[in-house]
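Participant: Based on what follows, work out the 3D shape:
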Amino acid sequence: MDANDTQQQDPTPGPRKLLRSRQDRLIGGVCGGLGRYFNVDPILFRIGIAVLALVGGAGLLLYLAGLLLIPSEPAVPGAEPTGGGRSVPVVVGVVVLLIVAWPFLLGGGVIAAAVLVPISALAIAGVLVWWLVSGEGPSGEPKDIALRAALGLGILILSFAVALGAAIAAAAGGGTIVAIALILAGLVIAAGAFVRPVRWLILPAVLMALSTGSVAAADISLDGGVGERHYRPASMADLHDRYELGMGELDIDLRDLELPPGDTPLEIDLGIGDVQITVPTDVCVASRADIGMGEANILGRTNGGVDVSFEEHPEAPPTASRLVLDADIGVGALQVRDADDLPFGFDGFSREFDSHDLERDSDANSACRVPADE
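Facilitator: Just a heads-up that it's a prediction; the model follows:
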């Protein structure tokens, strides 16, 4: 083979032209042409156009502009491109279209976004999960991508179910079993790196580790059962030193009690849920609360967030009755109110206080005040 033959078989390519694709098209070949021009997968442009279409309709306008301005790939190789163009009338027409259509698409885009954005986010999450567990990226026919998204969502849901089960098992005292399962999963993943990769095991193992780690960090325990517990002791003999619940709602109403002078201890242990305690107005309240994640609202004083620690130990006259509260909660809320406060059911833990409430809250724990002459 001589040099002339080589030159004939390998001609110097000309400059790349941005043309709408005839082979890789769903509507007008705009994304296919952009993908070929920039040498990337057209699915990236399709996702971008779809996302922008949900944000005020910008994607629709941009795609329409591409149809008008980008010429179509010729049906016969070597022929001139057809359609599209960059003449002044076409450009002016596109600008006018953008100005006129934008207000109409903006309102519809907001409504469509409220419905379609969550669906799109789920689809993207499914594709990414399938990419992680199988190695098949977001390419191919739309039906293939849709199938991968569905399979990925199924794996994601199953992984979250496994993680939730592991968290419940750890909170119920089965942390050792969960730890053994995580160690075995890690060994299998490590061995797969040398034999055959087991990518499908990575996601559930990671979610299991995160869920059980969160349970351990928040010190969540499901000892004490699950459900709603309501207590309204009528005498000191009915009052327990400790109330425990694994998950649910714990309601302790002390309004009928005549607490003796001095300190009365009350210990609360809750894994997940809400604790509501009502005390008489003439009782001083000293409190300590440790909450892994949630809120403590004690007589109008509020602390919330992650790793909440609330502690208040006011002095009280020797003749006063003081309730010494010690609460440990994994995830949830603690609220202590006096008998003059609004019922808990008025607006839950997030009710807004009016001026009368604020005035009363400023007087909270007035039973703890030591007279000036003492």
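
Participant: What ranges does the stretch 151-300 of the chain have for its strands?
Facilitator: For the stretch 151-300 of the chain, the strands defined by DSSP state E, counting those that start in this stretch cover 226-231, 242-253, 262-279, 283-298.

Participant: So for Gln23, which of the ones you listed sits nearest?
Facilitator: Of all the strands of the stretch 151-300 of the chain, it is strand 283-298 that lies closest to Gln23, at 53.7 Å by Cβ to Cβ. Where C-beta positions appear, they are placed from N, C-alpha and C, glycine not excepted.

Participant: What is that closest one packed up against?
Facilitator: Here strand 283-298 touches helix 202-218, strand 301-312, strand 321-338, going by 3 or more Cβ pairs under 8 Å, 6 or more residues apart in numbering; DSSP states H and E.

Participant: my guess is Leu67 is in a helix, correct?
Facilitator: Yes - using DSSP: H, G, I helix; E, B strand; the rest coil, the assignment for Leu67 is a helix.

Participant: next one: phi and psi at the nearest residue to it once chain neighbours are set aside?
Facilitator: Nearest in space to Leu67, with sequence neighbours left out and distances taken as Cβ to Cβ, 6 or more residues apart in numbering, is Gly28 at 4.8 Å. Torsion angles at Gly28 (phi, psi; degrees, to the nearest 10) stand at phi -120, psi 0.

Participant: do the one 10 residues further on as well
Facilitator: Its backbone dihedrals place Phe38 at phi -100, psi 0, with angles given as degrees, to the nearest 10.

Participant: Domain parsing of the protein, as residue ranges.
Facilitator: Taking automatic domain parsing as the criterion, the chain consists of the domains 14-134, 142-218, 226-368.

Participant: So for the longest one, mean pLDDT?
Facilitator: So the one you mean is domain 226-368. The average pLDDT for domain 226-368 rounds to 80.

Participant: Straight-line length of that domain, end to end?
Facilitator: End-to-end distance of domain 226-368: 35 Å, with Cα to Cα, to the nearest Å as the criterion.

Participant: Save the strands of the stretch 151-300 of the chain as JSON lines, and put in distance to Val162 and mean neighbour count too.
Facilitator: Formatted as JSON lines, these follow (distance: least, Cβ to Cβ, whole Å; neighbours: other Cβ atoms under 10 Å):
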{"stretch": "strand 226-231", "distance to Val162": "20", "mean neighbour count": "13"}
{"stretch": "strand 242-253", "distance to Val162": "19", "mean neighbour count": "19"}
{"stretch": "strand 262-279", "distance to Val162": "19", "mean neighbour count": "20"}
{"stretch": "strand 283-298", "distance to Val162": "22", "mean neighbour count": "21"}
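
Participant: Dump these into JSON lines; add distance to Phe38 as well.
Facilitator: Shown next, in JSON lines, are those (distance: least, Cβ to Cβ, whole Å):
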{"stretch": "strand 226-231", "distance to Phe38": "56"}
{"stretch": "strand 242-253", "distance to Phe38": "53"}
{"stretch": "strand 262-279", "distance to Phe38": "50"}
{"stretch": "strand 283-298", "distance to Phe38": "45"}
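
Participant: So which of those is nearest Val51?
Facilitator: With Cβ to Cβ as the measure, strand 283-298 is the member of the strands of the stretch 151-300 of the chain nearest Val51 (32.4 Å).

Participant: Contact partners for the residue nearest to Leu67?
Facilitator: Shown in contact with Gly28 (Cβ atoms under 8 Å, 6 or more residues apart in numbering): Arg20, Tyr63, Gly66, Leu67.

Participant: just curious, which of those is nearest to Gly225?
Facilitator: Tyr63 (58.0 Å).

Participant: Quick one: the helices in this protein, in order.
Facilitator: 3-9, 30-38, 42-54, 58-69, 88-134, 142-169, 175-192, 202-218, 355-362 (DSSP state H).

Participant: Not counting residues beside it along the chain, what's closest to Ile49?
Facilitator: Once flanking residues are discounted, Ile49 sits nearest to Gly59: 4.3 Å by Cβ to Cβ, 6+ apart.
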